[in-house]
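In: The following block contains a protein sequence and its predicted model.
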Amino acid sequence: MGLFIPLPVRVPSFIKWMHPYWYVWDKPSEEKVIYLTFDDGPIPEVTEWVLDILKEKHIKATFFCIGDNVQKHPHIFEQITRDGHRIGNHTQHHLKGWECPTKTYISSTELAEKTMTDVLKKTSGDIPNFPLFRPPYGKIKRKQAKRLRKKGYEIIMYRTVAYDWEASVTPEQCLNNVIKNTRSGDLIVFHDSVKASKNMKYALPKVIDYFLEKEFLFKIL
């Protein structure tokens, strides 16, 4: 069973220390750099809006995609890769690892990888590699993580949580969650989902402008 601690907006260091060293929460650097990540897409209109904003701002990001959504919206998935963003695996059906048998969880991850690979083979002829994995809900059993590590995946978590999906969080609070809690080297998680779209659409452009004005670089993982 995983460790249950409700995460604050900024994941504290002791939570990092209580997990295996190979969980990636941030990438400390002497540079002023942060990493934008998006979970749960691709979703029509929402993901496309995010891609337009990133293109307008000349920003690259990392998208952790649900295989079922890729299967339903292959043209949006292909656009993510065509625009130069990086792709990660978020399971085929957004499984919660703590409530899921390890065999089922690994199979879902493998199916998501196959789904994404098949789409890109058809649309671009590429044979991609998806070495990044982010557990849905941030919940994964250590045994599941070890199995994925053996398959070559990096387990990617996050340091700053926008809480854009949370109905009790206002758009202004969502923005403040990010700009007041993000430090250099942090991985920020937004969601390109319908549920998160109101807060995310308000906060994302302002977050980008805020950190660009402070001369931060945005990098992909």
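Out: That came in fine, so what should we check first? Numbering: from 1, shown residues only.
In: Identify the residues contacting stretch 213-221?
Out: The contact list for stretch 213-221 (Cβ atoms under 8 Å, 6 or more residues apart in numbering) reads 24, 27, 31-37, 59-62, 85-86, 88, 132, 154, 156, 184, 187, 208, 211. Every residue, glycine included, has its C-beta placed from N, CA and C.
In: let's see it at 7 Å
Out: Residues outside stretch 213-221 that contact it (Cβ atoms under 7 Å, 6 or more residues apart in numbering): 31-36, 59-62, 85-86, 132, 156.
In: Now do that stretch: distance from first to last residue.
Out: Using Cα to Cα, to the nearest Å, one end of stretch 213-221 lies 22 Å from the other.
In: Might you calculate how far it sits from the centre of the chain?
Out: On the basis of Cα atoms, centre = their mean, to the nearest Å, stretch 213-221 sits 16 Å off its chain's mean C-alpha point.
In: Please point out which parts of that stretch sit buried.
Out: By neighbour count with 16 or more other Cβ atoms under 10 Å, stretch 213-221 contains the buried residues 216, 218-221.
In: Could I get the contacting residues of Asn43?
Out: Actually, residue 43 is Ile rather than Asn. Ile43 touches 69, 192-194, counting by Cβ under 7 Å, 6+ apart.
In: returning to that earlier point: could I get the buried residues of stretch 213-221 as CSV with secondary structure?
Out: What follows is these, written out as CSV (DSSP: H, G, I helix; E, B strand; the rest coil):
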residue, secondary structure
Phe216, coil
Phe218, strand
Lys219, coil
Ile220, coil
Leu221, coil
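In: Pipe these into JSON lines and attach distance to Met116 per row.
Out: Shown next, in JSON lines, are these (distance: Cβ to Cβ, whole Å):
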{"residue": "Phe216", "distance to Met116": "29"}
{"residue": "Phe218", "distance to Met116": "23"}
{"residue": "Lys219", "distance to Met116": "22"}
{"residue": "Ile220", "distance to Met116": "16"}
{"residue": "Leu221", "distance to Met116": "16"}
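In: what two of those are the furthest from one another?
Out: Largest separation among these by Cβ to Cβ: Phe216 and Leu221, giving 15.7 Å.
In: Tell me which other helices or strands the longest helix along the chain touches.
Out: The longest helix of the chain (DSSP state H) is helix 102-123. Packing partners of helix 102-123 (3 or more Cβ pairs under 7 Å, 6 or more residues apart in numbering; DSSP states H and E): helix 67-72, helix 74-82, strand 86-89, helix 142-150.
In: Return the set of buried residues in the worst-scoring helix or strand of the chain on mean pLDDT.
Out: When the helices and strands of the chain are compared on mean pLDDT, DSSP states H and E, helix 13-17 comes out lowest with a mean of 87. Residues of helix 13-17 classed as buried: 15-16 (neighbour count, 16+ other Cβ under 10 Å).
In: can you check stretch 148-163 too?
Out: Neighbour counts over stretch 148-163 (16+ other Cβ under 10 Å) mark 148, 153, 155-163 as buried.
In: immediately after the longest helix of the chain, which helix or strand?
Out: Remark: after helix 102-123, the chain's next helix or strand is strand 132-133, criterion DSSP states H and E.
In: still on that earlier bit, of the contacts of Ile43, which is the nearest to His94?
Out: Asn69 (8.8 Å).
In: Around that closest one, how many other residues sit close by?
Out: Number of residues near Asn69 (other Cβ atoms under 10 Å) recorded here: 25.
In: Please apply the same query to the one 5 residues further on.
Out: The burial count assigned to Pro74 is 18, neighbours taken as other Cβ under 10 Å.
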